[in-house]
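K.L.:
predicted model and sequence follow; I will ask about them next.
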Amino acid sequence: METQSLNPVVIMLINMTIVFAVLFVLSLFIRLIHFVDPTKPKKAAPAPAATPAPAPAAPAAPVVEAGISGETVAVIAAALASYGVGFSQVKAIRPANSASWANAGRMNNLNKM
């Protein structure tokens, strides 16, 4: 008697068909369970409409010292927004009275030489 060898591609297609058919049946079974679930809480009657909450007060604008341009304030606001900080959290914008930044810049330039 002659043995018949099947093409491996045909065997793969048959196996994949069986697997996906079983998965489809399982998904139908899961949907049926969700539909018939006795432990699901019952839907309550809709609650009466609540009165809307009062609108929050507008945040106070930060104090900007004289001599700082509006463009600088806009750049600071954009930088804070890029970090996710609300501009309403800023209390004041004023120049630093420390020479530390200037000294750090000078040292940086000296180290490059």
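P.N.:
Done, it's in.

K.L.:
can you give me the strands for the chain?
P.N.:
63-64, 92-93 (DSSP state E).

K.L.:
give me the contact list for the last one.
P.N.:
The reference is to strand 92-93. Under the contact criterion Cβ atoms under 8 Å, 6 or more residues apart in numbering, strand 92-93 has outside partners 62-65, 68, 72-73, 76. (Each C-beta comes from the backbone N, C-alpha and C, glycine too.)

K.L.:
format the residues you listed as TSV; extra columns: neighbour count and pLDDT.
P.N.:
What follows is the contacts of strand 92-93, written out as TSV (neighbours: other Cβ atoms under 10 Å; pLDDT from 0 to 100):
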residue	neighbour count	pLDDT
62	16	70
63	10	73
64	16	76
65	9	75
68	13	80
72	13	84
73	16	82
76	16	83
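
K.L.:
which of these lies closest to residue 27?
P.N.:
residue 76 (54.2 Å; Cβ to Cβ).

K.L.:
quick one: closest of the strands of the chain to residue 28.
P.N.:
Of the strands of the chain, nearest to residue 28 by Cβ to Cβ is strand 92-93, at 62.8 Å.

K.L.:
pLDDT on that closest one, on average?
P.N.:
Mean per-residue pLDDT for strand 92-93: 79.

K.L.:
let's have the strands of the chain in JSON lines, adding distance to residue 106.
P.N.:
Output for the strands of the chain, formatted as JSON lines (distance: least, Cβ to Cβ, whole Å):
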{"stretch": "strand 63-64", "distance to residue 106": "28"}
{"stretch": "strand 92-93", "distance to residue 106": "25"}
